[in-house]
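Asks: Coordinates only, no sequence provided:
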């Protein structure tokens, strides 16, 4: 099991990023909450990882915080939640916001995440609320997520990232147009778009 990567950030194209570790390029998928923490391409980076092995593919997922990886792993244990949905949850909600959804039994906000229907949201609340209580919510305390360096086409990158996270192209384009500004990076545009899609107050 690959638990951690330390190397040079070569490319970041949400939700994909590439890290060069001693000449070997690792391709990872990461939630937007991790992208908010990433330095500019070319800088050193440390990522906590989780490897998913299937018959047809092996995918590596990266996280800036071990708490994000722990929550990702817990989400994978919920029936009906695979890596794609777990990644979307961690992209649309911070750890604190996810805990609040569990505590408040906020099904409506959970169902705004692509791939999460009412039955899955109900299962998440039942199963994850108990696990969070057992583990202690403080062990998953999150940290602020500062923005990263701008990209050549932040609007296009933002739309592509939302589509990769499961949103429909028309919906992704509409919400990005509503929040896009010349002085925002792709990560910042995506952050605002996800807040808008989840109904959160910016």
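Replies: Received the coordinates, thanks. Given the structure is predicted, the values throughout are model-derived calculations rather than measurements. Numbering: from 1, shown residues only.

Asks: From here on, just use CA atoms for contacts and neighbour counts.
Replies: Noted.

Asks: Tell me where the chain has helices.
Replies: 32-35, 66-76, 83-92, 95-104, 107-110, 118-135, 154-164, 169-179, 186-198 (DSSP state H).

Asks: hey, which of those helices is tucked in deepest?
Replies: Of all those, helix 32-35 carries the top mean neighbour count, a mean of 27, counting by mean count of other CA atoms under 10 Å.

Asks: Identify the residue nearest the geometric centre of this protein.
Replies: residue 31 (1.9 Å; CA atoms, centre = their mean).

Asks: Ignoring the adjacent residues along the chain, who's closest to that residue?
Replies: residue 91 (4.7 Å; CA to CA, 6 or more residues apart in numbering).

Asks: residues in contact with the one you found?
Replies: Neighbouring residues of residue 91 by CA atoms under 8 Å, 6 or more residues apart in numbering: 31-33, 194.

Asks: Including pLDDT and distance to residue 103, could those residues go into CSV?
Replies: Listed next are those as CSV, based on pLDDT from 0 to 100; distance: CA to CA, whole Å:
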residue, pLDDT, distance to residue 103
31, 94, 22
32, 92, 23
33, 90, 21
194, 86, 21
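
Asks: returning to that earlier point: wait, which of the helices of the chain is closest to residue 14?
Replies: Counting by CA to CA, residue 14 lies closest to helix 154-164 out of the helices of the chain; the figure is 5.0 Å.

Asks: Now do the closest one against helix 169-179, angle only.
Replies: 140 degrees (axes from the mean of the first three to the mean of the last three CA atoms, to 10 degrees).

Asks: what number of residues lie near residue 57?
Replies: Residue 57: 7 surrounding residues under other CA atoms under 10 Å.

Asks: Local confidence estimate at it?
Replies: Note for residue 57: predicted pLDDT of 85.

Asks: What of residue 69?
Replies: For residue 69, pLDDT reads 94.

Asks: Now do the contacts for it.
Replies: 48-50, 62-63.

Asks: wait, what's in contact with the residue nearest to the centre of the chain?
Replies: 15, 62-63, 87-88, 90-91 are the contacts of residue 31 under CA under 8 Å, 6+ apart.

Asks: I'd like the distance between it and residue 122.
Replies: According to CA to CA, to the nearest Å, residue 31 stands 22 Å off from residue 122.

Asks: repeat for residue 175
Replies: 27 Å.

Asks: got it, and residue 101?
Replies: Using CA to CA, residue 101 is found at 11 Å from residue 122.

Asks: Also residue 35?
Replies: Taking CA to CA, one finds residue 35 at 28 Å from residue 122.

Asks: what's the answer for residue 34, then?
Replies: 26 Å.

Asks: could you point out where the protein is predicted with low confidence?
Replies: When residues are selected by pLDDT under 70, those of the chain lie in 133-153, 180-182, 199-202.

Asks: let's see it at 90
Replies: Applying pLDDT under 90 to the chain flags the ranges 1-2, 14, 54-57, 79-80, 92, 94-97, 99, 103, 115, 129-202.
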